[in-house]
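> Have a look; sequence and predicted model below, questions after that.
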Amino acid sequence: MSLNPAFAEKLEERKKSRRARPDAPAGRAPHVPLPRVLVVDDETEITRSVAAMLGNDYEVVTANSSDEALELLRSISFAVILTDQRMPGGTGAELLARSLDVAPETTRILFTGYSDISAVIDAVNMGQAYRYITKPWRPDDLRAVLSQGVERHRLVLDNQRLLAELTSANDNLERRVRERTSQLREQNKALRAARERIEKLSRRDPLTGLTNRRWLDEVLRHEVERAKRYGASFSVVMIDLDHFKDVNDSFGHVVGDQVLVATAQALESATRMTDVVGRYGGEEFLVLLPNTALEQALVLAERMRSAVRLMPVAFRSEPVTASFGVAQWMGEDTGVSLIERADEALYEAKSAGRDRVEPSQDRGVDHG
Ligand code: GH3
Ligand code: MG
Ligand code: MG
């Protein structure tokens, strides 16, 4: 908004007169501006005398009506507005109220006569007046009130600046916390994936990819507990390749390893999703069959035996075979005793000529 030329001229005049004044305060750093005060009174005599009285310490701008005062307030900022209450065309209290929108930070002070208590109340309520001064005032009182008003204005501005700084610092902090949180979330995700990979690897036999011995023992313990608690049937099959030493001796360890890998695949292809096929030792495998009774386990073992026998063997004419010992969990079995019984059955299969399936002789109450 541009300044009315008449006001602009007035402002310019004031500046000039201040600059030209020989008694301008000495020693004050020229770049520190004087606090700007707007004095509003319809009587030019009064504005002039106030300006003269305060001119050394303040940049005094005067207005002779509410409209003129509002236009000035819109154009430039003032530390303090000092207005008379009684003016034609609007009271000082009204002016102060209207100035709230235009200059919210400016300190508002009212001049009144002694009888104008209701005007003071209006000014305080509607115009958020900071102080009032009764006419006629003593110069020292006016100076004191004005300097408090300027100080209040300075504090308001300081508070606003501080608040803005704090808000921006807070925004900054919140942004950094958000960034850090999402970084941490990403890192956690990567960490979890890595941990899962490691855990998976720690359960696997590196050569065959089957469940390793350590994890077989875990699953076995778990399945024995489950069988105990729920009375579910549970069987195991112990498997050992026949004359495997000969394969190694005749064709080397690399071929031996290939046979172990092929055996693992054959065993897995013959079992179900819920069965756990593991490498128990060198050329020994253990298959855990949850919810499986002996008869069914024997059928599965037969299927595995055929699968091993049918493995394509390029290095010699005879097939590779394996022997199988099968045992079903019984009420008094621990994991160890169950494996021992499967081992005994396997030994029977070996003694009986290999490439065969033998059930544990100790068949328990169910299978008497
Ligand atoms: P049997 O029919 O009585 O079981 O005879 P076998 O020759 O299979 O039995 P033995 O226990 O005498 O030999 C097992 C062989 O398995 C000996 C060992 O060299 C071999 N072996 C064990 N682990 C591995 C392995 O990881 N890789 C290879 N290539 N050979 C292995
Ligand atoms: Mg062996
Ligand atoms: Mg063997």
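Looks like it arrived, so ask away. Ligands and ions are numbered 1, 2, ... in the order given.
> When you work out contacts or count neighbours from here on, use the C-alpha atoms and nothing else.
Fine.
> For the helix or strand Asp246 falls within, buried residues please.
Assigned by DSSP states H and E, Asp246 belongs to helix 244-251. Neighbour-count burial for helix 244-251, counted by 16 or more other CA atoms under 10 Å, picks out Phe244, Val247.
> For it, C-alpha coordinates in CSV please.
C-alpha atoms of helix 244-251 as CSV (Å, rounded to 0.1, in the frame of the first residue of the first chain):
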residue,chain,number,x,y,z
PHE,A,244,29.7,-96.2,0.6
LYS,A,245,33.4,-96.6,1.5
ASP,A,246,33.8,-98.5,-1.8
VAL,A,247,32.4,-95.6,-3.8
ASN,A,248,34.9,-93.2,-2.2
ASP,A,249,37.7,-95.6,-2.5
SER,A,250,37.0,-96.5,-6.2
PHE,A,251,35.8,-93.2,-7.6
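> Mind giving me the packing neighbours of it?
For helix 244-251, the packing partners by 3 or more CA pairs under 8 Å, 6 or more residues apart in numbering; DSSP states H and E come out as helix 253-270.
> close to ligand 3, is the helix it packs on?
No. Using CA under 5 Å from the ion, helix 253-270 stays clear of ligand 3, coming no nearer than 11.3 Å.
> can you give me the angle that helix makes with helix 244-251?
Counting by axes from the mean of the first three to the mean of the last three CA atoms, to 10 degrees, helix 253-270 lies at 130 degrees to helix 244-251.
> Can you report how many residues neighbour Ser147?
16 (other CA atoms under 10 Å).
> In a strand, it, correct?
No. Checked against DSSP: H, G, I helix; E, B strand; the rest coil, Ser147 lies outside a strand; its state is helix.
> show me the residues around the nearest residue to Arg131 once chain neighbours are set aside that make contact.
Computed as CA to CA, 6 or more residues apart in numbering, the closest residue to Arg131 that is not its neighbour in sequence is Ile109, at 5.1 Å. By CA atoms under 8 Å, 6 or more residues apart in numbering, Ile109 lies in contact with Val80, Ile81, Leu82, Thr83, Ala129, Tyr130, Arg131, Tyr132, Ile133, Gly149.
> The last one: what's it in contact with?
Looking back up the chat, that one is Gly149. Applying CA under 8 Å, 6+ apart, the residues near Gly149 are Ala79, Val80, Thr107, Arg108, Ile109, Tyr130.
> Just send those back as a markdown table, with pLDDT, secondary structure and distance to Asp41 too.
Output for those, formatted as a markdown table (pLDDT from 0 to 100; DSSP: H, G, I helix; E, B strand; the rest coil; distance: CA to CA, whole Å):
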| residue | pLDDT | secondary structure | distance to Asp41 |
| --- | --- | --- | --- |
| Ala79 | 97 | coil | 18 |
| Val80 | 98 | strand | 14 |
| Thr107 | 97 | strand | 17 |
| Arg108 | 97 | strand | 14 |
| Ile109 | 96 | strand | 12 |
| Tyr130 | 93 | coil | 18 |
